[in-house]
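Engineer: Sequence first, then the predicted structure:
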Amino acid sequence: MMTKNRLLLVDGMALLFRAFFATSIRKQFMTNSKGIPTNAVQGFLRHFLSALESSQPSHVAVCWDMGSKTFRNDIFQDYKSNREAPPLELLPQFDLVKEVTSAFSIPNVGLAGYEADDCIGTICEQMKKDIDITVLTGDRDLLQILDDQVHVWILQKGIGNYAKYTKKEFTEKFNLAPKQLVDVKALMGDTSDGYPGVKGIGEKTAMKLIQDHGDIESLLANLSALTPSQQKKIEQDKEMMFLSRELAEIHCEVPVKINLEEADWRGVPKSAFEIVQEHELNTVRRQLYQLEKEIVEDPFAEWEMTR
């Protein structure tokens with residue numbers, strides 16, 4: 001049994017998209033001298049470096065979506081079909097951000113056919129008995145994997161601001177176990193992911209029904225206790241309700257794993273400074289320097305002299 005440490009598990013795509021749209025609305029793409037937009041990568045790094053400073057992890061890994069199609073599209077064709085294609089300025093940053101992550105000596109984790117959420121859930125399931133885990137994301141769906149050793153930080157507006165959840169805090173706030181969130185989503189659906197749940201049942205009603213009945217099976221067994229309107233809606237959309245639950249549930253048996261030796265966080269490596277300089281990621285230079293406490297002289301100084 002290893003000594004208890006802390007793994008920071010990052011939902012990379014959540015950070016990248018949030019960073020991109022925070023600046024692209026003002027057309028601030030921060031294009032470097034090679035003509036490559038870097039706003040999303042720089043914003044990703046600002047979020048990431050702030051989380052490193054806040055969580056003080058012993059190990060770090062970043063999980064990614066690998067392509068737009070997953071097993072959920074196989075069972076529901078319209079899953080996420082309502083989302084627009086990524087903007088052109090974001091496209092070259094998908095590969096760049098993984099290159100930058102590697103330069104920080106941090107594992108990139110992902111598998112075609114699955115979402116980053118599934119990889120995160122799987123790694124948490126594999127490792128939570130041996131190491132405390134903090135999940136950094138912008139996706140509230142990941143609250144369902146909260147456990148005694150798994151905390152979830154939801155990005156808020158600004159850099160370094162999070163809604164921090166433990167299993168106990170979630171249960172006290174919502175009067176639900178984290179896993180019951182899946183049954184709530186079965187009823188209310190998810191407009192951002194493109195599945196409807198039960199038409200006419202919103203979040204408040206869905207939460208109240210699961211608080212009272214525990215899960216959708218118990219709800220169906222006690223259908224007569226509901227209002228006639230609720231009964232009719234659930235009976236009409238029963239099939240979609242079960243399908244929505246299947247879509248909402250994070251799959252925690254993905255064939256991925258991380259090597260803790262590779263994920264060991266020992267501070268900012270020289271290669272990180274090199275890639276920040278190479279791609280002119282100027283907005284994160286000062287933050288990167290401040291994070292690396294052990295460096296006495298400016299690590300960029302020698303680069304400035306040779307420009």
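Structural biologist: Looks like it arrived, so ask away.
Engineer: For this protein, which segments count as strands?
Structural biologist: 6-11, 59-63, 108-109, 132-137, 150-155, 162-165 (DSSP state E).
Engineer: Format those as TSV; extra columns: distance to Gln144.
Structural biologist: Just so you know, the C-beta spots here come from the backbone N, C-alpha and C atoms, and that holds for glycine as well. Formatted as TSV, the strands of the chain follow (distance: least, Cβ to Cβ, whole Å):
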stretch	distance to Gln144
strand 6-11	14
strand 59-63	16
strand 108-109	19
strand 132-137	11
strand 150-155	9
strand 162-165	11
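Engineer: closest one to Glu125 among those strands?
Structural biologist: Glu125 lies closest, by Cβ to Cβ, to one member of the strands of the chain: strand 150-155, at 9.0 Å.
Engineer: counting contacts, what elements does that closest one pack onto?
Structural biologist: Judged by 3 or more Cβ pairs under 8 Å, 6 or more residues apart in numbering; DSSP states H and E, strand 150-155 is in contact with helix 12-24, helix 39-55, strand 132-137, strand 162-165.
Engineer: if you set the cut-off to 10 Å instead, what comes out?
Structural biologist: In terms of contacts (3 or more Cβ pairs under 10 Å, 6 or more residues apart in numbering; DSSP states H and E), strand 150-155 is packed against strand 6-11, helix 12-24, helix 39-55, helix 116-127, strand 132-137, strand 162-165, helix 167-174.
Engineer: who's in contact with the shortest one?
Structural biologist: Strand 162-165 is contacted by residues 47, 50-51, 54-55, 134-138, 140, 142-143, 146, 150-156, 169, 171, 173-174, 178 when judged by Cβ atoms under 10 Å, 6 or more residues apart in numbering.
Engineer: Could I get the strands of the chain in JSON lines, plus columns for distance to Glu262, mean pLDDT and mean neighbour count?
Structural biologist: Listed next are the strands of the chain as JSON lines, based on distance: least, Cβ to Cβ, whole Å; pLDDT from 0 to 100; neighbours: other Cβ atoms under 10 Å:
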{"stretch": "strand 6-11", "distance to Glu262": "12", "mean pLDDT": "97", "mean neighbour count": "25"}
{"stretch": "strand 59-63", "distance to Glu262": "8", "mean pLDDT": "98", "mean neighbour count": "27"}
{"stretch": "strand 108-109", "distance to Glu262": "10", "mean pLDDT": "97", "mean neighbour count": "20"}
{"stretch": "strand 132-137", "distance to Glu262": "16", "mean pLDDT": "98", "mean neighbour count": "23"}
{"stretch": "strand 150-155", "distance to Glu262": "21", "mean pLDDT": "98", "mean neighbour count": "23"}
{"stretch": "strand 162-165", "distance to Glu262": "26", "mean pLDDT": "97", "mean neighbour count": "17"}
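Engineer: since we're on Met241, how many residues are nearby?
Structural biologist: 23 (other Cβ atoms under 10 Å).
Engineer: likewise Gln149?
Structural biologist: So Gln149, with other Cβ under 10 Å, has 18 neighbours.
Engineer: any idea how far it lies from Arg83?
Structural biologist: 33 Å (Cβ to Cβ, to the nearest Å).
Engineer: likewise Val268?
Structural biologist: With Cβ to Cβ as the criterion, Val268 and Arg83 are 34 Å apart.
Engineer: Show me which of these two is the more surrounded one.
Structural biologist: Between Val268 and Arg83, counted using other Cβ under 10 Å, Val268 has the larger neighbour count: 22 against 11.
Engineer: how about Thr31, what does it touch?
Structural biologist: Thr31 neighbours (Cβ under 10 Å, 6+ apart): Pro37, Thr38, Asn39, Glu89, Glu280.
Engineer: doesn't Phe17 make contact with the third one?
Structural biologist: The one in question is Asn39. No. Using Cβ atoms under 10 Å, Asn39 is not in contact with Phe17, being 11.5 Å away.
Engineer: what do the two both touch?
Structural biologist: Leu90.
Engineer: more crowded one of these two?
Structural biologist: For Asn39 versus Phe17, the count of surrounding residues by other Cβ under 10 Å is larger for Asn39: 23 against 17.
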